[in-house]
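S.K.: Predicted model follows, preceded by the sequence.
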Amino acid sequence: MRPQIVRLDTARFTAGNVEKLSLPAGKTDHIEWDPELPGFGVRLRTGSSFYVVQYRIGSKQRRESLGDTRKTDLEQARKNARVRFAQIELGIDPRAERDKLEASQKADGLTFKVLFGDYLAARKEIQRGSTHNAAKRYFEKHWAPLHRRAVHTIDRATVAALLRDITRDHGRTAAARARGNLSALFAWAMREGVTSANPVVGTNDPAEGIAPRDRVLTPEEVKAIWSQCRDDDFGRIVRLLLLTACRREEIGGLRWSELDLETGKMLLPKERTKNGRPLALTLPDCARSILKAAPRRASRDLVFGGGKAGFSAWSYCTLSFNAHIAAANGGRALVPWRIHDLRRTVRTGLSKIGIKPHVAELVLNHTGHKAGIGGVYDHYDYEPEIAEALAKWEAHLLSVVGK
């Protein structure tokens with residue numbers, strides 16, 4: 001039976017209004033058209049409603065579903081409808097293009113597992129090792145139910161359902177990161193021409209509403225942490241992080257070949273930094289002493305850890321470390337903290353002792369002040385200013401911890 005089509009010229013489409021739409025009495029199939037975007041509307045059926053787009057190709061009139069209204073954002077559905085209309089203006093049949101692509105994928109046997117393998121291979125040379133390994137882990141573990149699925153069968157509803165499962169089993173943060181990696185994969189696949197859409201678009205972000213971390217350790221907490229650092233890899237790393245404000249992977253994966261302990265220079269190549277920019281620091285005296293005392297492993301360039309990428313036992317060692325802190329304080333544990341809070345604490349401390357903001361940012365290898373025209377003309381490396389900032393911070397830190 002052909003659906004009854006009703007045009008409402010006065011009702012403006014909003015997310016709230018769409019939620020309130022219902023079938024007129026006596027009807028089982030009904031379309032409400034958006035008065036602001038002709039050809040776009042909501043199709044109502046018993047127990048369901050979904051966005052539709054209607055257009056004409058030659059003598060043929062086509063109508064496509066753009067997703068369940070409960071799972072698809074209104075503005076995203078409108079955007080997808082406008083894409084269809086733009087294709088039509090260019091003489092492209094959206095459905096024919098989609099069918100052609102799906103037929104090609106079926107013929108090629110393109111499964112999700114094959115797709116993410118191709119993606120990881122293409123991105124390996126331009127991604128940091130930790131970023132690449134994290135993406136691989138999310139695809140292999142969190143998105144395992146998709147491995148044997150043909151890519152063209154993976155839609156928004158499938159992704160949304162799996163995101164709910166990941167959130168339940170691994171938490172909102174892990175689900176958000178899995179979602180981000182999946183979206184990056186499909187965005188790459190679209191640019192490669194192997195898929196026509198990104199099924200992640202329009203799904204709920206599991207991290208929505210989670211406040212960003214802003215934990216800054218108090219001087220008393222810094223002293224408690226410093227005092228419990230033992231003469232082992234984890235203890236040395238924590239102290240170095242407090243002295244340099246480096247990221248944990250930068251110190252955990254530190255190599256002797258990146259150090260000149262006589263001059264106190266540390267040079268991390270761009271492949272080992274988050275923003276892909278080399279990091280050069282003149283280490284303060286205390287940091288140099290810690291590294292000079294660290295044992296060297298035969299035929300091993302890595303300073304810490306026993307794995308191929310350096311130190312990796314972060315969770316286990318942090319738990320053990322916190323237990324030692326609590327025992328030393330009569331069973332009173334620190335307010336929960338993370339390794340990355342050390343970096344935020346140092347950055348805040350640099351401001352407190354009067355280090356100029358742009359120099360403090362360069363200590364952390366942030367280069368925002370060189371964005372735009374500044375980055376074109378300012379090629380000074382500020383190395384003396386960074387060295388002075390770290391030396392002043394070292395003096396302040398050692399006074400805090402009672403050294």
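M.R.: Okay, I see it.
S.K.: what ranges of the stretch 151-300 of the chain fall below the confidence cut-off?
M.R.: Along the stretch 151-300 of the chain, no part satisfies pLDDT under 70.
S.K.: Show residues contacting stretch 319-338.
M.R.: 213, 215, 217, 221, 224, 225, 227, 228, 234, 238, 318 (Cβ atoms under 8 Å, 6 or more residues apart in numbering). To be clear about C-beta, it is placed using only N, CA and C from the backbone, and glycine gets the same treatment.
S.K.: How confident was the prediction at residue 74?
M.R.: On pLDDT, residue 74 comes in at 89.
S.K.: and it, what does it touch?
M.R.: Residue 74 touches 13, 14, 15, 18, 51, counting by Cβ under 8 Å, 6+ apart.
S.K.: likewise residue 237?
M.R.: 248, 251, 252, 304, 311.
S.K.: Name the helix or strand for it, please.
M.R.: Counting by DSSP states H and E, the element that carries residue 237 is helix 233-244.
S.K.: before we move on, back to that, may I ask which two of the contacts of stretch 319-338 are separated the most?
M.R.: Farthest pair in the contacts of stretch 319-338 (Cβ to Cβ) is 213 and 227. Separation: 24.1 Å.
S.K.: Convert the top helix by length along the chain to PDB, retaining C-alpha atoms only.
M.R.: Longest helix in the chain, counting residues (DSSP state H): helix 172-192. C-alpha atoms of helix 172-192 as PDB (Å, rounded to 0.1, in the frame of the first residue of the first chain):
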ATOM      1  CA  ARG A 172      32.800   5.000  28.900                       C
ATOM      2  CA  THR A 173      36.400   6.200  28.300                       C
ATOM      3  CA  ALA A 174      37.500   3.000  26.600                       C
ATOM      4  CA  ALA A 175      34.300   3.000  24.500                       C
ATOM      5  CA  ALA A 176      34.900   6.600  23.400                       C
ATOM      6  CA  ARG A 177      38.400   5.700  22.300                       C
ATOM      7  CA  ALA A 178      37.200   2.600  20.400                       C
ATOM      8  CA  ARG A 179      34.600   4.800  18.700                       C
ATOM      9  CA  GLY A 180      37.200   7.400  17.700                       C
ATOM     10  CA  ASN A 181      39.500   4.800  16.200                       C
ATOM     11  CA  LEU A 182      36.600   3.200  14.300                       C
ATOM     12  CA  SER A 183      35.500   6.600  12.900                       C
ATOM     13  CA  ALA A 184      39.100   7.400  11.800                       C
ATOM     14  CA  LEU A 185      39.200   4.000  10.000                       C
ATOM     15  CA  PHE A 186      36.000   4.600   8.100                       C
ATOM     16  CA  ALA A 187      37.000   8.200   7.300                       C
ATOM     17  CA  TRP A 188      40.200   6.800   5.700                       C
ATOM     18  CA  ALA A 189      38.200   4.200   3.900                       C
ATOM     19  CA  MET A 190      35.900   6.800   2.400                       C
ATOM     20  CA  ARG A 191      38.900   8.800   1.100                       C
ATOM     21  CA  GLU A 192      40.300   5.600  -0.400                       C
END
